[in-house]
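K.L.:
please work out how this folds:
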Amino acid sequence: PPLPLRRALGRTATSPLTTRPVWDGPVRPARGTETEEGDEAAFVWRVPRALRSETGGGAGEAPWEDVPGALVVQVHAENPIHGSLDDVLGQARLPWKELVQDATQVAPNRYQCAGWCALRPVGAPQTRERFGDPSGPAVYLSAEVTLPPPGAPADPEASRVVVGDLLEAAEEEEETSVPAPMGNGGGSRLNLGVHVKNLQNQLGDLLDAVERAKNLFTWAVPSTTFAITGVFLVAFVVLCLIPTRYLVLAAGMSQFLAHPIKKLSSQLAPSQSPTAPPPEKETPPDLTANLKNLFLLTPTDHDLRRAYYWDSHRLSQRSLVAGADLARRRRLDHVWRAPFHGSAILLSPPSPAPPTVFLVLRGRSLLWWRDPAAFDAGEEPLGKLRLVGHAGLAAPSPLEQ
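P.N.:
Numbers count the residues shown, from 1 in each chain. Predicted coordinates:
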């Protein structure tokens, strides 16, 4: 099956006020697909290598001629309402293994192929595509395949993970899409699940923006609200002292005087030696990016509820621990009348890391537990040590126990 890859390469200019549009102009590259010359739409994609288990050849990685999937280029008629309603005029499908077999070798491990490729309707029987001069609709494609050196180490596990993720995404997309009505130029597929999720995400982003704007003034982040309040207070004082027409005049004059002042400052700057290296230009701070980051750092109501929940949870845990400590101290002081209780390190030769235990001195006995929680739960002590003051010729008296 074809590996999922969706990327807009570019678009042509056409008049929307005609029933017979013509798309024979140059393709304007989409953002992120411009080449160094700027006149072509291109992209680079790493093709995962096939596994021999998928092609019935045993274990390890299969040859590049057996790579599954294909390069599918679709031509859409743009819908002015939404991109999901675009009509697919046709598609050109080039299997990866045929690209490797039919391409011309231009350098070691580098192959190129280019030419006009016929556009066929979506869902039409798959045929072997060849570059040529077709009589019907066609798209000009130029592909370059770069293979790793023959002695490069193989990584079957990486290929297995990449191929599995891509095929899983393709199956999920196939399950959530339903066929849309056929148009004049071919068929289109309306992926309801993806577009509903996209709409939900956009609505969620809009509601988050509204909540962040509200929380800017509710002291959810005291430093941000304090800064905004200070800016508004300064603006209020300035507008009260200076007439508005003077502020508008100053703003307009700054736009006209910006270029002359910049030119004059460059002329007054000291000249440098021709052999001296040029000074490093300091990148000015991006005020727009700083304001955007400040806005995005403001928590939403959901973030505040989650933060308040964990704060209350930590406070309740601290209260429970403090209550357990108080009950333990009262039990040891008033019931057991223990002159000492606390943590101690139990030294034992076999253990490389001596454990920390909870030690209690009761009468003439030392008792220790794993931790204070074990003592509070009423568990048996891990060990006992009796402190007696005779030679051991007779049994300890009741007072010595």
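K.L.:
let's verify the residue nearest to residue 142 when sequence neighbours are not counted: helix, strand, or coil?
P.N.:
What sits nearest to residue 142 in space, not counting adjacent residues and going by C-beta to C-beta, 6 or more residues apart in numbering, is residue 114, at 3.9 Å. In this view, the C-beta of every residue, glycine as well, is placed from N, C-alpha and C. In the three-state summary, residue 114 is assigned as strand, counting by DSSP: H, G, I helix; E, B strand; the rest coil.
K.L.:
low-confidence bits of this structure, can you list those?
P.N.:
By pLDDT under 70, the low-scoring segments of the chain are 1-9, 14-68, 80-85, 125-134, 150-191, 269-285, 349-353, 388-401.
K.L.:
please enumerate the helices of it.
P.N.:
Per DSSP state H, the chain carries helices over the ranges 52-55, 96-102, 156-175, 192-215, 222-241, 244-268, 287-296, 301-330, 372-376.
K.L.:
so which of these is nearest residue 13?
P.N.:
Residue 13 lies closest to helix 192-215 among these, at 26.6 Å (C-beta to C-beta).
K.L.:
quick one: list the elements packing against that closest one.
P.N.:
helix 287-296, helix 301-330 (3 or more C-beta pairs under 8 Å, 6 or more residues apart in numbering; DSSP states H and E).
K.L.:
next, the angle from the longest one to helix 192-215.
P.N.:
Spelled out, it's helix 301-330. 70 degrees (axes from the mean of the first three to the mean of the last three C-alpha atoms, to 10 degrees).
K.L.:
next one: the first one
P.N.:
Per the same axes, to 10 degrees, the angle that helix 287-296 makes with helix 192-215 is 90 degrees.
K.L.:
so what's residue 361 bridging to?
P.N.:
Beta-bridge partners for residue 361, by DSSP bridges, are residue 340, residue 366.
K.L.:
and residue 369, what does it touch?
P.N.:
For residue 369, the contacting residues are 357-358, 360, 375, 379, 381-382, by C-beta atoms under 8 Å, 6 or more residues apart in numbering.
K.L.:
change it to 7 Å
P.N.:
Taking C-beta atoms under 7 Å, 6 or more residues apart in numbering as the criterion, residue 369 is in contact with 357-358, 375, 379, 381-382.
K.L.:
which among those residues count as buried?
P.N.:
With neighbours counted by 16 or more other C-beta atoms under 10 Å, the contacts of residue 369 contain buried members at 357-358, 375, 381.
K.L.:
adding distance to residue 313, write these out as JSON lines.
P.N.:
Below are these laid out as JSON lines (distance: C-beta to C-beta, whole Å):
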{"residue": "357", "distance to residue 313": "29"}
{"residue": "358", "distance to residue 313": "26"}
{"residue": "375", "distance to residue 313": "25"}
{"residue": "381", "distance to residue 313": "32"}
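K.L.:
most widely separated two among the contacts of residue 369?
P.N.:
For these, the farthest-apart pair by C-beta to C-beta is 357 and 379; their separation is 12.3 Å.
K.L.:
one step back: the buried ones among the contacts of residue 369 in strands, which ones?
P.N.:
When DSSP state E defines the strands, the subset of those inside them is 357-358.
K.L.:
closest one to residue 253 out of the buried ones among the contacts of residue 369, please.
P.N.:
Ranked by distance to residue 253 (C-beta to C-beta), these are led by residue 358 at 77.3 Å.
K.L.:
just confirm that closest one contacts residue 367, I think it does.
P.N.:
No - Residue 358 is beyond contact range of residue 367, at 9.1 Å (criterion: C-beta atoms under 7 Å).
K.L.:
list the residues that contact residue 144.
P.N.:
Counting by C-beta under 7 Å, 6+ apart, residue 144 makes contact with 110, 112.
K.L.:
please report the distance of it from residue 236.
P.N.:
Distance, residue 144 to residue 236, by C-beta to C-beta, to the nearest Å: 62 Å.
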